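J.: after the sequence you'll find the predicted model.
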Amino acid sequence: MSAAIETEGLTKDFSVGFWRPRPYRALDHLTLDVAAGEVFGFLGPNGAGKSTTLKLLMQLLYPTSGEARILGRPAGDAAVRQRVGFLAENPYYYDHLTAEELLAYFARVFGFRGTDVGTRVARVLDEVGIGKERRLRLRRFSKGMTQRVGLAQALLNNPEVLFLDEPMSGLDPLGRRHVRDLILGLRAKGCTVFFSSHILSDAETLCSRVGVLVQGKLVASGPLSEILAFELKGWELVVGCGPQLHAELATFARTVTPLSDGHVLLHLAPDAEPDRVVGELTRRGAHIVSINPVRETLEDYFVQVVGATAGRDTRGAGA
Amino acid sequence: MRTIWIIAGAAFKESVRDRVPYTMVVFAVLMMAASYLISELTAGQDLKIIKDLGLAAMSVFGLVIAVFIGIGLVSKEVERKSVFGLLTKPVTRAQFILGKYLGLVTTLAVNLSVMTVAYYGVLFYMNGVATEAMRAGWPVPATDPRLLVAVVLIMGELAVVTAIALMFSTFSSPLLSAMLTLGLWVSGHFNSDLRQFEQVVDQPAVAWIARGLYYVLPNLAPFNVKAEVVYGMPVSASHVGFTLLYALIYIAALLVAAVAIFRRRDFK
């Protein structure tokens, strides 16, 4: 599969300080490929360089060194922009315009003419769930509604590649669900989606691959299935039992936690042979409410990777 | 070119929604109030004052619009990051700058046209209420079409000032851009003095710097022919032609500089 997005040693230095400016490296030799049709999650703590990367890809920033290509052409090429969509973090648009007017303006810039403008604008506003508010001026829009307008403008040209910087920011749970469904719909249509997020559960639901950026460096990247490897961390068993058995539960589990509904939650070790434990507990009169495997989540992985990188850097600085 | 006009249209709409046309209402009210008050003055003088006041007001209102909207059109967009929306579409940075410029010049042209209509309306009224003896005493008719020459040159000057404001706003804050633009506007009206500077200083280096500044700073004095048209003195076609040609060249140079600066900018 061809790469929709490629970066090679992409680096960005900013100058900080007024009297004695010194360089600050926001992005450090990022080399990355995102295949066409992939949903790629770009993860990292605050200040990791995620937005800087997106701005470099959209040529809102110029790289200090390295290069970026989108759909085989240099990032920033006007022909490429015709085929991509971009949503900035906390977007702001002309607040004297209505949502409809703003999108009509951008649609014309994309080359839509005549009645196609209105048709296209109405369709994307429907897609992002903006109803009659589309005729209100943007200054009256809440953060979540502005975010939806941002998504709508990113979808106007039916993009082949979509860049989203924190797309769930400011959205309520319904809005998040809506955007998630939207991204899944785009993935089904073959659109490449590159998005940065703090919300790891969304990344876990949506992404085929993720990259983790810490202090400007890509510290991990790969398919979600490989990264998490679905490593079994144990079992969660919920049982109901009498007080006599209650006292013996600790012999079966690593931890025993009474629940508010009178049941008990047992954490079993990964090699605890759940069939045997369930059989034994049933034989002793307990009733099994549920049993679930506990696997590593993206959040566990993220905390582990970011923690390890931060620790290494601290030791490096101390050495 | 289509993209530039789309951006210009949006910039025009923005200034209209920002209540810029209200300045025209203020102008019209000011003109009517002035004509009422000044009609109490000596016959003959009131017309000259109205003519002077009207042209000066057009200049001042136009300058306020050119400076304060000109500096905001780009720097405000960069500050609020609304620029991201447009620059991530198939729009070059040059198209962005030129579109914004044309949008504001269109705003100014529409404003100035409406103010001119109000101006002639007041002059027409003055002509109507004056007696035959008063009209005979006027050196030039009340609704003298030559007043339009001054209006055209005011528009030329405002187009230059807009380009200056836009150029500064591509790299500095709105406040600094406003100060620099107003500074250049003031110096532009005294620019011709720099040419005579070498006759009053002995040091060749100073004279050389003064001459350099004369060529670099805008020369706005030729755009001011208000006194000439009010007093019925001739303004040659060649003066108007060369002044407008100078405006075109100066604007082109400023826009090239604005685009060059804006092209290199990082938007954090």
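T.: Alright, I've got the coordinates.
J.: helix or strand for the residue nearest the centre of chain B, which one?
T.: Ranked by distance to the mean C-alpha position of chain B (CA atoms, centre = their mean), the top residue is residue B:158 at 1.6 Å. Assessed by DSSP states H and E, residue B:158 sits inside helix B:147-169.
J.: so who does residue A:176 touch?
T.: Residue A:176 sits next to A:168, A:199, A:202 when contact means CB atoms under 8 Å, 6 or more residues apart in numbering or on different chains. The C-beta positions use only the backbone N, C-alpha and C, and glycine is treated the same way.
J.: which helix or which strand is home to the last one?
T.: Read it as residue A:202. helix A:200-206.
J.: give me the pLDDT for residue B:111.
T.: pLDDT, residue B:111: 87.
J.: mind checking the end-to-end distance for stretch A:253-267?
T.: Stretch A:253-267 has an end-to-end distance of 6 Å (criterion: CA to CA, to the nearest Å).
J.: now do the buried residues in it.
T.: A:253, A:256, A:263, A:264, A:265, A:266, A:267 (16 or more other CB atoms under 10 Å in any protein chain shown).
J.: go on, stretch A:181-189?
T.: By neighbour count on 16+ other CB under 10 Å, the buried set for stretch A:181-189 is A:182, A:183, A:186, A:187.
J.: likewise for stretch A:192-208?
T.: Buried-residue list, stretch A:192-208, by 16+ other CB under 10 Å: A:192-197, A:199-200, A:202-204, A:206-208.
J.: same thing with stretch A:161-181?
T.: Counting neighbours by 16+ other CB under 10 Å, the buried set in stretch A:161-181 is A:161-171, A:175-176, A:178-180.
J.: which bits of the stretch 1-150 of chain A sit near chain B?
T.: Residues of the stretch 1-150 of chain A found near chain B (CB under 8 Å from any CB of the partner chain) are A:14, A:55, A:58, A:60-62, A:78-79, A:81-82, A:84, A:86, A:88, A:91-94, A:96-97, A:102, A:105-106, A:108-111.
J.: and residue B:141, how many neighbours?
T.: Around residue B:141 there are 14 other residues, counting by other CB atoms under 10 Å in any protein chain shown.
J.: looks to me like it is in a helix.
T.: No. Residue B:141 is assigned coil when assessed by DSSP: H, G, I helix; E, B strand; the rest coil, not a helix.
J.: pretty sure it contacts residue B:127?
T.: Yes. Taking contacts as CB atoms under 8 Å, residue B:141 lies within contact range of residue B:127: 7.3 Å.
J.: quick one: the strands in the chain, in order.
T.: You didn't say which chain, so I picked chain A. A:3-16, A:22-35, A:39-43, A:65-70, A:73-74, A:84-87, A:161-165, A:192-197, A:209-214, A:217-223, A:232-240, A:255-258, A:264-268, A:287-295 (DSSP state E).
J.: in JSON lines: the ones you listed, plus mean pLDDT.
T.: What follows is the strands of chain A, written out as JSON lines (pLDDT from 0 to 100):
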{"stretch": "strand A:3-16", "mean pLDDT": "91"}
{"stretch": "strand A:22-35", "mean pLDDT": "91"}
{"stretch": "strand A:39-43", "mean pLDDT": "91"}
{"stretch": "strand A:65-70", "mean pLDDT": "94"}
{"stretch": "strand A:73-74", "mean pLDDT": "92"}
{"stretch": "strand A:84-87", "mean pLDDT": "94"}
{"stretch": "strand A:161-165", "mean pLDDT": "94"}
{"stretch": "strand A:192-197", "mean pLDDT": "91"}
{"stretch": "strand A:209-214", "mean pLDDT": "88"}
{"stretch": "strand A:217-223", "mean pLDDT": "86"}
{"stretch": "strand A:232-240", "mean pLDDT": "86"}
{"stretch": "strand A:255-258", "mean pLDDT": "88"}
{"stretch": "strand A:264-268", "mean pLDDT": "90"}
{"stretch": "strand A:287-295", "mean pLDDT": "85"}
